[in-house]
Every structure is written in structure tokens, then in C-alpha cells.
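S.K.: Fold the following and give me the result.
(one chain, ligands or ions: 2)
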Amino acid sequence: MTDPLLAVRDLRVRFDGDDGTVRAVDGVDFDVAPGETVCLVGESGSGKTVACESITRLIPTGSAEISGEVRFDGTDLTALSESALESYRGGRIGHVFQNPQDALDPVYTVGAQVVEAIRIHRDRSKSAARAEAIGLLDRVGIGDAAARFDDYPHQFSGGMKQRAVVAMALACDPDLLIADEPTTALDVTIQRQVLDLLADLQAEREMALLFVTHDLGVVAEIADRVVVMYAGNVMESGDVYDVFEAPAHPYTRALLACLPGRGERFETIGGSMADPTDPPDGCRFHPRCPHALPECEEGDQPAFRAVAAGDGGADGGKSGSVEHRASCVLYDDAHALPPALEVADD
Ligand SMILES: Nc1ncnc2c1ncn2[C@@H]1O[C@H](COP(=O)(O)OP(=O)(O)OP(=O)(O)O)[C@@H](O)[C@H]1O
Ligand code: NI
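M.R.: Ligands and ions are numbered 1, 2, ... in the order given. Predicted structure coming up:
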């Protein structure tokens with residue numbers, strides 16, 4: 001396959017808290033290829049945000065201990081100094097967060113903030129940057145962008161603020177856009193528009209998109225590849241088609257069974273998220289897993305195994321470049337269990 005643009009290996013992020021060490025991300029591996037859309041999914045608290053924010057070290061390192069490798073276009077970002085990393089942040093790597101409010105400064109006009117996002121990494125005259133900013137605001141769907149340029153954030157609706165934040169993230173034409181639940185804070189009707197905008201921009205700019213969501217409907221729609229996280233670990237990853245057609249890990253199956261329209265029931269996963277200060281041994285999901293075996297309770301999170309070919313990747317070639325892998329003993333050589341073991345009644 002093409003060399004990944006982003007390769008995350010054994011990423012671990014720990015916070016020291018009053019109640020002990022929070023193992024927010026506990027050995028995560030995933031890749032994002034150039035121009036690819038990768039969705040990170042998982043229940044609340046599974047470590048999606050922390051994993052994304054560690055890529056460009058947006059997490060203050062004073063409070064967190066980050067280890068592992070984050071290779072972006074061949075450079076290990078974890079080894080860079082703060083100032084070297086700043087040239088990536090908002091440069092080749094753009095970010096869009098859940099709440100546009102947090103990304104905009106209320107005391108500056110929207111236009112000035114887009115100009116600033118352009119000029120921080122690029123040598124542009126004020127007038128050239130202004131023209132570029134208006135073009136960007138227009139592109140993200142802000143009507144009459146030249147007139148709205150001098151508005152303050154409070155004069156924008158929530159959806160327009162998020163569009164402006166997207167414009168800022170695009171200011172330096174990033175190779176990778178990281179969007180962490182970018183539509184969650186918006187009204188439902190607006191969510192769709194912002195999602196469509198991101199999908200269009202991704203295609204038009206051939207930009208890779210790392211998209212965090214817990215909405216599997218959105219994943220099915222936009223992802224090329226899906227990475228399923230639980231309790232700071234990746235449980236399963238693969239081409240979105242393979243993972244949705246033939247979810248391998250019991251956790252993924254349980255998540256998918258929660259999707260309306262999948263199977264007979266619309267259910268929730270029983271039990272609660274593992275305690276990040278004291279996660280269970282073995283597979284983090286075993287206390288909630290309907291298929292747990294005694295060996296699932298011991299040791300580390302199981303190693304990744306390739307999920308048997310031909311279990312649903314019925315398209316044969318299409319998804320051939322992305323390996324479908326699961327961290328589950330059921331895919332271990334010792335267990336020749338049929339991978340199509342059902343969780344939901346579908
Ligand atoms: N600054 C911090 N200090 C201590 N613990 C933290 C900090 N930030 C996150 N955590 C903990 O790390 C774990 C992972 O959090 P994270 O926000 O990455 O989850 P998430 O998958 O993004 O969830 P959500 O879907 O709710 O956004 C949680 O247990 C959270 O409480
Ligand atoms: Ni989050």
C-alpha cells in the first residue's frame with residue numbers, strides 16, 4: 001500500500017490524577033494514508049480525543065506523559081521540540097474541535113482570525129491574506145464573505161462559527177485535518193451541512209481526514225477506514241466495508257447492534273466503560289463481553305490478529321490494501337471458532 005501519511009505506534013498517554021494514573025490511551029496503533037478518511041469510534045471515554053490531541057501534542061505535557069511514535073510524513077512528531085511542532089500544528093496538520101466557541105477568540109473579528117491563521121505559517125502580505133481569507137470563508141459557505149469578514153464571532157450562528165473554524169484549519173492547506181466530533185455541538189440540521197462540507201473539502205483538496213465520532217451512521221457514510229477504540233485500546237480496525245459487513249471484535253459487534261436499523265433490536269451495550277485508572281487485565285472489554293473465555297481475563301490486551309479473509313470482504317479487491325485486524329483471542333490460531341459468531345439477533 002502507499003506509505004501512510006500518519007503512522008501511530010504504541011501511543012500511550014497517561015495523566016497523573018488524585019485517584020491514580022489515568023491510562024487514557026494505552027498502546028494505540030493506526031495509520032492514515034494520504035487523502036484517506038479514517039474514523040475513530042468508540043464509546044465516551046475510550047480515548048479518542050486524547051489520542052487525536054497527542055498527535056500534535058495539544059495536550060499540555062506538564063499534565064500528561066506521552067510515549068510511542070507518531071510518524072507524520074516520515075518525521076516522528078513525538079521527538080520534535082515544541083517550536084518545531086508548532087510548524088505542523090495549524091500548518092500541515094489542521095484541527096477542528098467539537099466546540100467552535102473554544103477555537104475563536106471573541107475579541108477579534110472572524111476575518112482577522114482567518115488572516116492570522118494564514119500568516120502564522122505563510123509569508124503573505126496583509127492584503128493578499130485578506131483576499132485569501134475571504135476566499136476561504138466563501139468556500140466554507142459563509143454567504144457574502146467579504147461583508148461578514150469584519151464580524152465578531154458572536155455575530156455568527158453556531159454553524160457559521162464552525163464553518164469559520166474549518167476555514168482557519170484549511171488556511172495552510174493541510175495534508176491532514178483532524179476533526180474531533182466537529183458537529184456534535186451544532187443543531188441537527190446544521191450538523192448535516194457541516195459534515196457535507198468536510199466531506200467535500202476532503203475530496204476536493206485530497207486531504208487526509210482523521211474524524212472522531214461516536215455516530216456509526218456518519219462513519220458508514222464518510223470513512224474509508226475505521227478504527228474502533230475501547231478503554232484506550234484499539235479493538236479492531238479495517239476497511240469500513242469489511243468492519244461493518246463482518247465486525248470481528250465482540251465490542252464492534254455490540255456497538256453496531258446499537259445502530260438503529262441493524263438487526264432486530266436497538267440495544268445498548270451492557271455494563272460500563274472500564275475504569276481508566278484501573279483497567280481490567282486481559283482484554284479490556286472482557287467484563288462486558290458475551291464471549292469471554294477464561295484466557296481473556298489474563299495478561300495484556302490480546303495482540304492484533306488478521307481477521308480471516310473472505311469473512312465478508314465480499315468485494316475481494318476493493319479493500320485489499322487495508323488489513324482487517326482485531327485484538328481478540330477468538331482470532332488467535334488456537335481458536336478456530338467461526339468468525340461469524342453472532343452477538344446480535346440479526
Ligand atoms: N486532562 C486529563 N486529565 C485526566 N484524565 C483525562 C484528561 N483528559 C482526558 N482524561 C481521561 O482520559 C480518558 C479518555 O478521554 P477522551 O476524552 O479521550 O475520551 P473520548 O473517547 O474522546 O470520549 P468522548 O466520546 O466523550 O469525547 C477518560 O477517562 C478521560 O476522563
Ligand atoms: Ni472526545
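S.K.: how long is stretch 287-296 end to end?
M.R.: 9 Å (CA to CA, to the nearest Å).
S.K.: I'd like the mean pLDDT over it, please.
M.R.: Here stretch 287-296 scores 93 as its mean pLDDT.
S.K.: With stretch 162-176 instead?
M.R.: 96.
S.K.: Return the set of buried residues in that stretch.
M.R.: Using 16 or more other CB atoms under 10 Å as the test for burial, stretch 162-176 gives 162-172, 174-176. For glycine as for every other residue, the C-beta is placed from the backbone atoms N, C-alpha and C.
S.K.: Please flag which of the residues you listed sit within strands.
M.R.: Among the buried residues of stretch 162-176, the ones falling in strands (DSSP state E) are residue 176.
S.K.: ok but residue 296 is inside a helix, no?
M.R.: Yes: using DSSP: H, G, I helix; E, B strand; the rest coil, the assignment for residue 296 is a helix.
S.K.: Which residue is the nearest non-sequential neighbour of it?
M.R.: Excluding the flanking residues, the one nearest residue 296 by CB to CB, 6 or more residues apart in numbering is residue 286, at 4.1 Å.
S.K.: Could you report the neighbour count for that neighbour?
M.R.: Neighbour count for residue 286, taken as other CB atoms under 10 Å: 24.
S.K.: Filter the buried residues of stretch 162-176 down to the ones in helices?
M.R.: Under the assignment DSSP state H, the buried residues of stretch 162-176 contribute 162, 163, 164, 165, 166, 167, 168, 169, 170 to helices.
S.K.: Against residue 138, how distant is the second one?
M.R.: To tie it back to what came earlier, the one meant is residue 163. Noted for residue 163: a distance of 10 Å to residue 138, by CB to CB, to the nearest Å.
S.K.: which ones are touching residue 219?
M.R.: By CB atoms under 8 Å, 6 or more residues apart in numbering, the residues touching residue 219 are 39, 41, 213, 226, 240, 244.
S.K.: Please tell me the pLDDT value assigned to the last one.
M.R.: This points to residue 244. 95.
S.K.: I figured it was touching residue 223, is that so?
M.R.: No: Residue 244 lies out of contact with residue 223 (CB atoms under 8 Å); the separation is 9.2 Å.
S.K.: Give me the more crowded residue out of those two.
M.R.: Between residue 244 and residue 223, counting by other CB under 10 Å, residue 223 is the more crowded of the two (24 against 19).
S.K.: got a list of what the residue in the stretch 101-250 of the chain positioned nearest to ligand 1 touches?
M.R.: Ligand 1 sits closest to residue 214 of the stretch 101-250 of the chain, with a gap of 5.3 Å, by CB to the nearest ligand atom. Applying CB under 8 Å, 6+ apart, we find residue 214 in contact with 41, 42, 43, 44, 48, 181.
S.K.: Quick one: classify residue 44 as helix, strand or coil.
M.R.: coil.
S.K.: what pLDDT does the residue lying closest to it once chain neighbours are set aside get?
M.R.: Leaving aside its chain neighbours, residue 44 sits nearest to residue 214 (6.8 Å; criterion: CB to CB, 6+ apart). Note for residue 214: predicted pLDDT of 85.
S.K.: where's residue 214 relative to residue 146, distance?
M.R.: Applying CB to CB, the value for residue 214 to residue 146 is 38 Å.
S.K.: I'd say residue 287 and residue 274 touch.
M.R.: Yes: using CB under 8 Å, residue 287 is in contact with residue 274, at 7.4 Å.
S.K.: So these two - more neighbours on which side?
M.R.: residue 274 (22 against 16).
S.K.: Now for the nearest residue to the more buried one once chain neighbours are set aside, how many residues are close by?
M.R.: Excluding the flanking residues, the one nearest residue 274 by CB to CB, 6+ apart is residue 231, at 4.0 Å. By other CB under 10 Å, the residues close to residue 231 number 25.
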